[in-house]
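Enquirer: predicted model, plus sequence, below.
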Amino acid sequence: MDTTCSHTARVFGQGVVIFLVIMSLAAGSDGRSITVGDSHGWSAGTNYTQWATKNSPFHINDTLVFKYPLPGNSTIAQSVYMLPNLWSYTTCQFRGAKLLGSAAQGAGEGLKVELNQSRPYYFASAEGNAYDCIAGLTKFIAVPSSTHLY
């Protein structure tokens, strides 16, 4: 390859890299708004690990929206906790967990949680003595990435 072709290829390659960096920065700044559980919302007896797998990958600046009805005669109360670590998540130990949304906070627009760090987020509901959590339901892990592949 002569020096002109080599220079052109190098400049083209640098241009592609710059374009990809700009596109990833632009994509990284706008997060998605994702309703947890889709149209069913955050409800008792649901396997949210399957939901999270279907909706992955999550990205930095994505916002999870937890929508659940006010507790009543026909609905089971829900809450949203962020557990501090994998052990707490696996064993459904809520000591040290942060209450993000009480049973009354998921109505209307829902409870919004922005994924603003590249770390695991452990979500679960503690209602009903954490029965659903212990059964592997009404809990999931979201691990946002700063890399966009679209």
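Expert: Here it is on my side, so go on. All figures in this text were calculated on a predicted structure; none of them were measured in a lab.
Enquirer: tell me where this structure has strands.
Expert: 33-35, 62-66, 80-83, 98-101, 111-115, 121-124, 139-142 (DSSP state E).
Enquirer: got the domain ranges for the chain?
Expert: 1-30, 31-142 (automatic domain parsing).
Enquirer: just name the most buried of those.
Expert: domain 31-142 (a mean of 17; mean count of other C-beta atoms under 10 Å). For glycine as for every other residue, the C-beta is placed from the backbone atoms N, C-alpha and C.
Enquirer: so how far is it from its chain's centroid?
Expert: Computed by C-alpha atoms, centre = their mean, to the nearest Å, the separation of domain 31-142 from the middle of its chain amounts to 9 Å.
Enquirer: any idea of the mean pLDDT in it?
Expert: Mean pLDDT, computed over domain 31-142, is 93.
Enquirer: span of stretch 41-48 from start to end?
Expert: One end of stretch 41-48 to the other measures 10 Å (C-alpha to C-alpha, to the nearest Å).
Enquirer: nope, stretch 50-59 is what I was after
Expert: Using C-alpha to C-alpha, one end of stretch 50-59 lies 18 Å from the other.
Enquirer: list the contacts of that stretch.
Expert: Contacts to stretch 50-59, defined as C-beta atoms under 8 Å, 6 or more residues apart in numbering, come from residues 27-28, 31-32, 34, 36-38, 64, 115, 140-148.
Enquirer: ok, now which ones touch L111?
Expert: V65, F66, K67, V80, L100, G101, Q105.
Enquirer: state the pair within those residues that is farthest apart.
Expert: Spatial extent of those (C-beta to C-beta) is set by the pair K67 and L100 at 13.3 Å.
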